[in-house]
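**Q** Okay, sequence plus prediction incoming.
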Amino acid sequence: EAGVTQSPTHLIKTRGQQATLRCSPISGHTSVYWYQQALGLGLQFLLWYDEGEERNRGNFPPRFSGRQFPNYSSELNVNALELEDSALYLCASTRGDHLGTEAFFGQGTRLTVV
Amino acid sequence: GQQVMQIPQYQHVQEGEDFTTYCNSSTTLSNIQWYKQRPGGHPVFLIQLVKSGEVKKQKRLTFQFGEAKKNSSLHITATQTTDVGTYFCAGRTGSARQLTFGSGTQLTVLP
């Protein structure tokens, strides 16, 4: 069974540009979470999608947005990139229920803004 | 909304010393999970606790879930350099579907 896949692995953008990050969850998983992890820091919650809907978002500006497609894959868009957006962006997927299933993480997209 | 706080943020220990990280929730949790992220890697699931007062062990790691199901701890006995990484807790409340992660504790083990 394939794990959570994220693309691209690395992304270099200049300030002011837009970045699009993609995530394919494990087959059968309907929930997708996005996290930002700056170097040496913890996970900062960005967005949670479940069953195609945005269910919750973290304390990030509106230029961070995304969507979940009918096949449950997800896209994170970051507009008007700033230098401090440089970070590892992790996607995680879970089964879409409350039974306590574990989250599976992708390898992440390393975004560098120059 | 639900908040999961984790302390300490950083911990340096000498190899062989013990290590503990604590997780506290603002609301009662239905279950709690622990993850480990090795340097350069992504978080990987370690264990899940469900019952009030539950204690589970994995070799040198001991996981506890508080009686009130609002806090949890991970204790590592006699740390080794392979224990280096960031440890995260994550919890769900009641019938809530969202899994909320703590900010993590970064463990450094000095040889």
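**A** Good, I have the coordinates. The shown structure was predicted, so the numbers you read here are calculated from the model rather than taken from an experiment.

**Q** C-alpha from now on. contacts and neighbour counts both.
**A** OK.

**Q** Centroid-nearest residue for chain A?
**A** Nearest to the mean C-alpha position of chain A, by Cα atoms, centre = their mean, lies A:Trp34 at 3.1 Å.

**Q** A:Leu43 is in contact with that one, correct?
**A** No: taking contacts as Cα atoms under 8 Å, A:Trp34 lies outside contact range of A:Leu43: 9.5 Å.

**Q** Low-confidence ranges, chain B, go.
**A** B:1-2, B:94-96 (pLDDT under 70).

**Q** Which positions in it make contact with chain A?
**A** B:31-33, B:41-45, B:48, B:92, B:94-98, B:101-105 (Cα under 8 Å from any Cα of the partner chain).

**Q** separation between the residue in chain B sticking out farthest from the centre and chain A?
**A** Distance from the C-alpha centroid of chain B, by Cα atoms, centre = their mean, peaks at B:Pro111 (22.8 Å). According to Cα to the nearest Cα, to the nearest Å, B:Pro111 stands 20 Å off from chain A.

**Q** and that residue, what is it in contact with?
**A** For B:Pro111, the contacting residues are B:14-15, B:81, by Cα atoms under 8 Å, 6 or more residues apart in numbering or on different chains.

**Q** Verify the stated contact: B:Ser26 with B:Val4.
**A** Yes: in terms of Cα under 8 Å, B:Ser26 counts as a neighbour of B:Val4; the distance is 6.6 Å.

**Q** More neighbours: which of the two?
**A** Higher neighbour count among B:Ser26 and B:Val4: B:Val4, with 22 against 13, using other Cα atoms under 10 Å in any protein chain shown.

**Q** Surely the more buried one is in contact with B:Cys23?
**A** Yes: if you go by Cα under 8 Å, B:Val4 and B:Cys23 touch, sitting 6.8 Å apart.

**Q** Common neighbours of these two, please.
**A** Common neighbours of B:Val4 and B:Cys23 (Cα under 8 Å, 6+ apart) are B:Gly102.

**Q** residue boundaries of the strands in chain A?
**A** A:5-7, A:10-13, A:19-24, A:31-37, A:44-50, A:53-57, A:64-68, A:74-78, A:87-94, A:104-105, A:109-113 (DSSP state E).

**Q** now the ones you listed in JSON lines, with mean pLDDT?
**A** Listed next are those as JSON lines, based on pLDDT from 0 to 100:
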{"stretch": "strand A:5-7", "mean pLDDT": "98"}
{"stretch": "strand A:10-13", "mean pLDDT": "98"}
{"stretch": "strand A:19-24", "mean pLDDT": "98"}
{"stretch": "strand A:31-37", "mean pLDDT": "94"}
{"stretch": "strand A:44-50", "mean pLDDT": "92"}
{"stretch": "strand A:53-57", "mean pLDDT": "92"}
{"stretch": "strand A:64-68", "mean pLDDT": "97"}
{"stretch": "strand A:74-78", "mean pLDDT": "98"}
{"stretch": "strand A:87-94", "mean pLDDT": "95"}
{"stretch": "strand A:104-105", "mean pLDDT": "95"}
{"stretch": "strand A:109-113", "mean pLDDT": "98"}
